[in-house]
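Visitor: missing the sequence, but the structure's below:
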């Protein structure tokens, strides 16, 4: 486990990072509201205030009193689990104060929100028919980390590696965050590693549809590639069409 702790003491800064702390507090309070009720209530909250591409693209609304396009903003403050929240907030804690000091409070708020909204909008444009809501502050955190790389790429960050505390360059820590995000996407899409065969993790309907589309395209590509070969009469005997194995059916 690699966990960033701090780059420098934020209490020693000439201007305390009140905006960074405020954003962290809002995310934590919203998450407590999420987990404070029933599972059905949490799912309803995510479905209502998460950024659902199909609802935003068609402007049909999500059943709430707010327009669907406002979920591009509200989704930034929702998280699906404690680890999801903790991973985003620890990076905001370590790197957000430096960007707030460099930009100023008002510009930092605008920058944080615009990065989050931009990431949500990119998700909507990439899958406008998807009915799976997007939640999380990862897009906003990615913007903060990108700004930190431009501002202080070689700054030393104190991190906890298993049981040891070491100091490494910021770009290594941020690279670890990128790998963590890719890992989370893989787990959500394909399930955790080491899963017993014959048991599949439930996936959202749109994810199942994407898998079916990939499977169909793969079968068509194989069929288009092999058909000219099977129809050729000048092939050696050991690859004549009658020797091709029968297609497996599932």
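Guide: That came through, no problem. Just so you know, these numbers come straight off a predicted model, no measurement behind them. Numbers count the residues shown, from 1 in each chain.
Visitor: CA only for contacts and neighbour counts going forward, please
Guide: Fine.
Visitor: for this protein, which segments are assigned as strands?
Guide: Using DSSP state E, the strands found in the chain span residues 2-6, 156-161, 164-169.
Visitor: export these to CSV and tack on mean pLDDT and distance to residue 57?
Guide: Shown next, in CSV, are the strands of the chain (pLDDT from 0 to 100; distance: least, C-alpha to C-alpha, whole Å):
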stretch, mean pLDDT, distance to residue 57
strand 2-6, 81, 38
strand 156-161, 85, 41
strand 164-169, 85, 41
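Visitor: among those strands, which is nearest residue 127?
Guide: Of all those, strand 2-6 sits nearest to residue 127, with 32.3 Å by C-alpha to C-alpha.
Visitor: about what we covered before: how about TSV for the strands of the chain, with distance to residue 54 added?
Guide: Listed next are the strands of the chain as TSV, based on distance: least, C-alpha to C-alpha, whole Å:
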stretch	distance to residue 54
strand 2-6	36
strand 156-161	40
strand 164-169	41
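Visitor: format these as CSV; extra columns: distance to residue 109 and mean neighbour count.
Guide: Output for those, formatted as CSV (distance: least, C-alpha to C-alpha, whole Å; neighbours: other C-alpha atoms under 10 Å):
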stretch, distance to residue 109, mean neighbour count
strand 2-6, 21, 18
strand 156-161, 24, 18
strand 164-169, 26, 14
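Visitor: could you say which one of those strands comes nearest to residue 146?
Guide: Using C-alpha to C-alpha as the measure, strand 164-169 is the one of the strands of the chain that comes nearest residue 146, at 14.3 Å.
Visitor: quick one: low-confidence residue ranges for this protein.
Guide: For the chain, applying pLDDT under 70 flags the ranges 1, 9-13, 60-65, 184-250.
Visitor: what about the helices in it?
Guide: Ranges of helices within the chain are 18-36, 39-49, 53-58, 71-74, 82-103, 105-126, 138-151, 170-190, 205-230, based on DSSP state H.
Visitor: quickly compare those and say which is most buried.
Guide: helix 71-74 (a mean of 23; mean count of other C-alpha atoms under 10 Å).
Visitor: what helices or strands is that helix leaning on?
Guide: helix 105-126 (3 or more C-alpha pairs under 8 Å, 6 or more residues apart in numbering; DSSP states H and E).
Visitor: can you list contacts of the helix it packs on?
Guide: Where contact means C-alpha atoms under 8 Å, 6 or more residues apart in numbering, the residues beyond helix 105-126 that reach it are 19, 51-54, 56-57, 72-73, 76, 99-100, 130, 134, 137-144.
Visitor: same thing but at 7 Å, please
Guide: Identification of contacts with helix 105-126 by C-alpha atoms under 7 Å, 6 or more residues apart in numbering yields 19, 51, 53, 72-73, 76, 100, 137, 139-140, 143-144.
Visitor: for stretch 166-184, same thing?
Guide: 145, 149, 153-160.
Visitor: and of those residues, the nearest to residue 40?
Guide: For those, the nearest to residue 40 is residue 145 (34.2 Å; C-alpha to C-alpha).
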